[in-house]
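> sequence first, then the predicted structure, then my questions.
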Amino acid sequence: MSSGGDVRTRAIESLLFEKGLLTPAAVDAVIGAIEQDFGPLNGARVVVRSWLDAEYRRRLFADATAAIAELGYGGIAGDHMVALENTADVHNVVVCTLCSCYPWPVLGLPPRWYKDPAYRSRVVIEPREVLAEFGLELGEDLEIRVWDSTSEVRYLVVPERPPETDGLNEEELVPLVRRDSMVGVARASAPA
Amino acid sequence: VVIRHHGAHVLPDANAHGLGECPEHLYGVRFEASELWSDSADGRGCVCLDLWESYLR
């Protein structure tokens, strides 16, 4: 608790409170949402619904913000969502080259590597190489689309449904959709 | 190539400097990797950026 970063954060926080620019209740509300309401399980439910329900899938790619809100998810850093469809021919991967923009309601807070300057620059220049380092080998014939997330629009990758999952129900499919597959650096997992 | 129109959005360049929201149209623009990185050995791909209208002028 005594690191320089913590001290600086607390000093800035108390200044913002003193100047009336921020209230403790607002800080508590954001922290509460991040801890209790946001996380990759929400995104996994969106993806699985799109695998199971063709009409929902159509709505998701037409207006992701509205389709995600149907399942009860939205809010800070998720009020302008776009869903990206991975197919046999196209693979999508998301980055924020400027900082760490990320769709909080459906994925929670970003992993450390997402904020790393090396990921943020290299995935734009040599995505195939970077994805291979994540363990995702993509053929030369596959098109890779790199999406640069901004403060305004946040992206959710919808991975392909893994083979041999035809008989599985929603609760069995949700654990196959991990965070990395919805950023685009992995596929959905195979069933155990 | 413009691939998407996101509607009007706050221009962060102005808003971050206390100059107001100055909303502008925001577009998704696709750049082919082969045009950005002519000597790339990485294969087929593209980079999609969201750009405010004034960036495109």
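Yep, that arrived. Numbers count the residues shown, from 1 in each chain, chains lettered A, B, ... in the order given.

> thought A:Ala66 was touching A:Tyr56?
No - A:Ala66 is beyond contact range of A:Tyr56, at 11.0 Å (criterion: CB atoms under 8 Å). Backbone N, C-alpha and C define where each C-beta goes, glycine included.

> these two - which one has more neighbours?
Taking neighbours as other CB atoms under 10 Å in any protein chain shown, A:Ala66 and A:Tyr56 compare with A:Tyr56 leading, 15 against 12.

> go ahead and confirm the more buried one touches A:Ser50.
Yes - between A:Tyr56 and A:Ser50 there is a contact at 5.9 Å, judged by CB under 8 Å.

> nearest spatial neighbour of B:Trp52, skipping sequence neighbours?
Nearest residue to B:Trp52, sequence neighbours excluded (CB to CB, 6 or more residues apart in numbering or on different chains): B:Glu24, at 4.5 Å.

> out of the helices and strands in the chain, which is least certain?
Just so you know, I chose chain A. helix A:24-32 (a mean of 86; mean pLDDT, DSSP states H and E).

> that answer is for a different chain, and I need it for chain B
For chain B, the helix or strand with the lowest mean confidence is helix B:12-15, at a mean of 84 (criterion: mean pLDDT, DSSP H and E).

> now that one - C-alpha only, PDB.
Extracted in PDB, the C-alpha atoms of helix B:12-15 (Å, rounded to 0.1, in the frame of the first residue of the first chain):
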ATOM      1  CA  PRO B  12     -11.800  13.400 -27.500                       C
ATOM      2  CA  ASP B  13      -9.100  15.800 -28.900                       C
ATOM      3  CA  ALA B  14     -11.300  18.700 -28.000                       C
ATOM      4  CA  ASN B  15     -13.100  17.300 -24.900                       C
END
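
> partner strands of the helix or strand just after that helix and their direction?
Where DSSP states H and E defines the elements, the next helix or strand beyond helix B:12-15 is strand B:24-32. Strand B:24-32 has its sheet partners listed here by DSSP bridges as strand B:2-9 (antiparallel), strand B:45-52 (antiparallel).

> out of these, which gets nearest to A:Leu168?
Closest to A:Leu168 of the strands paired with strand B:24-32, according to CB to CB: strand B:45-52, at 31.8 Å.

> can you tell me the centre-most residue of the chain?
Answering for chain A, as no chain was given. Residue closest to the mean C-alpha point of chain A, counted by CA atoms, centre = their mean, is A:Leu107 at 4.3 Å.

> wait, I meant chain B there
B:Leu51 (2.4 Å).

> so that one makes contact with B:Phe31?
No - assessed by CB under 8 Å, B:Leu51 is found out of contact with B:Phe31, at 10.2 Å.

> who's in contact with residue 33?
Chain wasn't specified; assuming chain A. A:Gly75, A:Ile76 (CB atoms under 8 Å, 6 or more residues apart in numbering or on different chains).

> that was the other one, I meant chain B.
Counting by CB under 8 Å, 6+ apart, B:Ala33 has contacts A:Ile144, B:Ser40, B:Asp42, B:Arg44, B:Gly45, B:Cys46, B:Val47.

> so what's it closest to, chain neighbours aside?
Leaving aside its chain neighbours, B:Ala33 sits nearest to B:Gly45 (4.2 Å; criterion: CB to CB, 6+ apart).
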